[in-house]
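A.B. asks: when you get a sec, could you give me coordinates for this:
(2 chains)
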2 protein chains.
Amino acid sequence: MFLPIEWLPEGKVRFLDQTRLPREEVWVETDGYPAIAEAIRRLRVRGAPLIGIAAAYGLALAGLAGPESGIDAWRGRLGRAAGELRATRPTAVNLEWALERALRAVAEADDVAEARRILVDEARRIHEEDIRANQRLGEHGAALIPTGARVLTHCNAGSLATGGYGTALGVLRSAWRQGRLQEVYATETRPLLQGARLTAWELAREGIPYTLIVDSAAGSLMRRGLIGAVIVGADRIAAGGDVANKIGTYPLAVLAGENGVPFYVAAPVSTIDLATASGDDIPIEERAGDEVTSLQGAATAPEGARAANPAFDVTPHAYVSAIISENGVARPPYEASLRAVCGAAEARAGALAHGETGDG
Amino acid sequence: MFLPIEWLPEGKVRFLDQTRLPREEVWVETDGYPAIAEAIRRLRVRGAPLIGIAAAYGLALAGLAGPESGIDAWRGRLGRAAGELRATRPTAVNLEWALERALRAVAEADDVAEARRILVDEARRIHEEDIRANQRLGEHGAALIPTGARVLTHCNAGSLATGGYGTALGVLRSAWRQGRLQEVYATETRPLLQGARLTAWELAREGIPYTLIVDSAAGSLMRRGLIGAVIVGADRIAAGGDVANKIGTYPLAVLAGENGVPFYVAAPVSTIDLATASGDDIPIEERAGDEVTSLQGAATAPEGARAANPAFDVTPHAYVSAIISENGVARPPYEASLRAVCGAAEARAGALAHGETGDG
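C.D. replies: Numbers count the residues shown, from 1 in each chain, chains lettered A, B, ... in the order given. Have a look, this model is predicted:
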């Protein structure tokens, strides 16, 4: 199991700087939450589930820092750290979800030493649960992959985007082990090339055959009948099933629909935001234009070129064939099915809180 | 008027090396047709109409080369040069069209001196007619642009793709002069970035406001209602109206249809191939994978990554709102309307052959 982030017993966090892949494997160790916030902002760690885990670890680092004075002063510092971590990126709901969960865990703590212990344990639990959730999600999803299929994926929803197994790539890993998967088509995913840099790196590591394409070639492959299914991750799923994910996801969904190819979204229930009814209400991060007008530091456009750079788009639920979670596969109508998989999650979380082990 | 290629009176061809844009304006002069063939193959000159013109000039250089011995030996050498030029790229029909036209012009010539004169004149005429055709096409097309619209274009169908005015960008130039155009959205057009490098360069030169986007962002702009029309060029149009154009065109057409945005194709009639019934019969060039796995010489993917790199895709006629030619706007059903605009071309060519000047 490859872990892109780890809690170290001496109270530090170690993470892989994903901006340096595939050329270099650079690991960063830190005991300061601002370094975690900066890593999230600069996409050194990225992927909705992973930034939730990283934020929880960042909050744990914030909890360990500073004097062991009164619990109220400690809570004040923790709240400010949570605010900073929350502000790093707006679209992925897992960030908020993980911070809320960690803060809730220490809401009743009486003294700082106890609160610190709880906070670190909760962050580690969020990480472990994400890995187990991905593995279950992988099993649920693999059953949907037609035997012998070539499957297209976009961006990176793999080990590098999660606690360690992957959502969309987790499904493809499971399908590969089951002998169902023939090959992965991976879009390069401009502007930051998470497909070319990260998905290709992961698939090569695992020996899963893959072919890279430019993002705009996916449509013609579908029209030529080469793609058996499309599977992507998600940064936030609204209650009605609209999906915010990496820019370029919406076109893939439309093209899949047009060509009779199933379009699947794989995401843990921490990505489902029942408080947001529609995709139109999801905040979409607009990143700096120079990500578009340059590539790996080299200019690709004339000096002074203006660029728009929305990092995500919203795929309306009508284009989504199914949403695969660790608690099962949600099908339309999504209002009911998403509530059901989330309900299963709550039931499960409750059970775990009472000492049961679950099926993971 | 900006000319990306020129016939020089001393019997040479001068062209802009487009692979060096936007960073450098490097002009190449040659008196050898192999340098022209190489320039087409390596995309130093590119764009369907321009490679037709370049091929005709290349053939003229081949005609000027070698001894002034017998006409039969000369024809033999010319035929071999035509074969080499024709083999450089398979998709754009303008290449074949221009070579056939030039060869037809010298079919009756009696001696080498006369044949050389005719060949050079015909190549220059192909170039001049392309510019005039683009200007007429621009006027026809501008009328279709909704006033105040933001218009999306893909790849480069501008001065740099033609004899000097542009097809899709020619329409946008005309619309801009008429005050109809608010702004151009230009896709960067991976893998070779003709949008970021060439379209941005042309628009900046002319002071037409533009915003660059990654190819995969076009869909969400359409969904957000930001795009009033999409207009692209073409490399070959089949008799039924299917359009081969730069990879990524088909997704834009599908997304335009899905969002109620008109999708226009602008191309001179030399791009219409009445001998090819359906888009499925158009040969699609597959280029080297390293265009995908690297960018401007720097690797973007892990070493050994495999990539597929179809240079073009086919947009079925059902997604095409209209095809704009120098002889008017063809609407569905295209069998009839394309034949009509081509018929107008033949009538026109006949008229010109008899010394009339036409309306250009």
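A.B. asks: can you give me the helices in the stretch 201-350 of chain A?
C.D. replies: Secondary structure of the stretch 201-350 of chain A (DSSP state H, counting those that start in this stretch): helices located at A:218-223, A:249-258, A:290-293, A:334-353.
A.B. asks: and for the stretch 51-200 of chain A?
C.D. replies: Using DSSP H, counting those that start in this stretch, helices in the stretch 51-200 of chain A cover A:71-86, A:93-105, A:112-142, A:168-177, A:194, A:200-206.
A.B. asks: tell me the pLDDT of the most centrally placed residue in chain A.
C.D. replies: Nearest residue to the geometric centre of chain A (Cα atoms, centre = their mean): A:Ala48, 2.7 Å. Per-residue confidence at A:Ala48 stands at 95 (pLDDT).
A.B. asks: need the contact list for it.
C.D. replies: Contact analysis of A:Ala48 by Cβ atoms under 8 Å, 6 or more residues apart in numbering or on different chains lists A:Ala92, A:Val93, A:Asn94, A:Leu95, A:Ala161, A:Gly233, A:Ala234, A:Asp235, A:Arg236, A:Ala267, A:Thr271. (Each C-beta comes from the backbone N, C-alpha and C, glycine too.)
A.B. asks: count the neighbours of A:Asn245 for me.
C.D. replies: Residues contacting A:Asn245 under the criterion other Cβ atoms under 10 Å in any protein chain shown number 29.
A.B. asks: to clarify, my last question referred to A:Glu24.
C.D. replies: A:Glu24 has 8 neighbouring residues, counting by other Cβ under 10 Å.
A.B. asks: quick one: it and A:Gln194, what's the gap?
C.D. replies: As judged by Cβ to Cβ, to the nearest Å, A:Glu24 and A:Gln194 stand 16 Å apart.
A.B. asks: likewise A:Val230?
C.D. replies: Distance from A:Val230 to A:Gln194, by Cβ to Cβ: 16 Å.
A.B. asks: what does A:Gly219 give?
C.D. replies: Distance from A:Gly219 to A:Gln194, by Cβ to Cβ: 20 Å.
A.B. asks: could you do A:Tyr250 as well?
C.D. replies: 17 Å.
A.B. asks: near chain B, which residues of the stretch 51-200 of chain A show up?
C.D. replies: A:Tyr185, A:Thr187, A:Glu188, A:Thr189, A:Arg190, A:Pro191, A:Leu193, A:Ala196, A:Arg197, A:Ala200 (Cβ under 8 Å from any Cβ of the partner chain).
A.B. asks: looking at those, which is nearest A:Arg44?
C.D. replies: Nearest to A:Arg44 out of those is A:Arg197 (Cβ to Cβ; 12.6 Å).
A.B. asks: just give me the neighbour total for the closest one.
C.D. replies: Close neighbours of A:Arg197, defined as other Cβ under 10 Å, add up to 25.
A.B. asks: residue contacts, it?
C.D. replies: Each residue near A:Arg197 by Cβ under 8 Å, 6+ apart is listed here: A:Gln18, A:Leu21, A:Pro22, B:Thr300, B:Ala301, B:Pro302.
A.B. asks: I'd like those laid out as JSON lines, including pLDDT, neighbour count and distance to A:Ala73.
C.D. replies: As requested, those are exported to JSON lines (pLDDT from 0 to 100; neighbours: other Cβ atoms under 10 Å in any protein chain shown; distance: Cβ to Cβ, whole Å):
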{"residue": "A:Gln18", "pLDDT": "97", "neighbour count": "26", "distance to A:Ala73": "35"}
{"residue": "A:Leu21", "pLDDT": "95", "neighbour count": "21", "distance to A:Ala73": "40"}
{"residue": "A:Pro22", "pLDDT": "94", "neighbour count": "21", "distance to A:Ala73": "45"}
{"residue": "B:Thr300", "pLDDT": "92", "neighbour count": "25", "distance to A:Ala73": "48"}
{"residue": "B:Ala301", "pLDDT": "96", "neighbour count": "27", "distance to A:Ala73": "50"}
{"residue": "B:Pro302", "pLDDT": "95", "neighbour count": "20", "distance to A:Ala73": "48"}
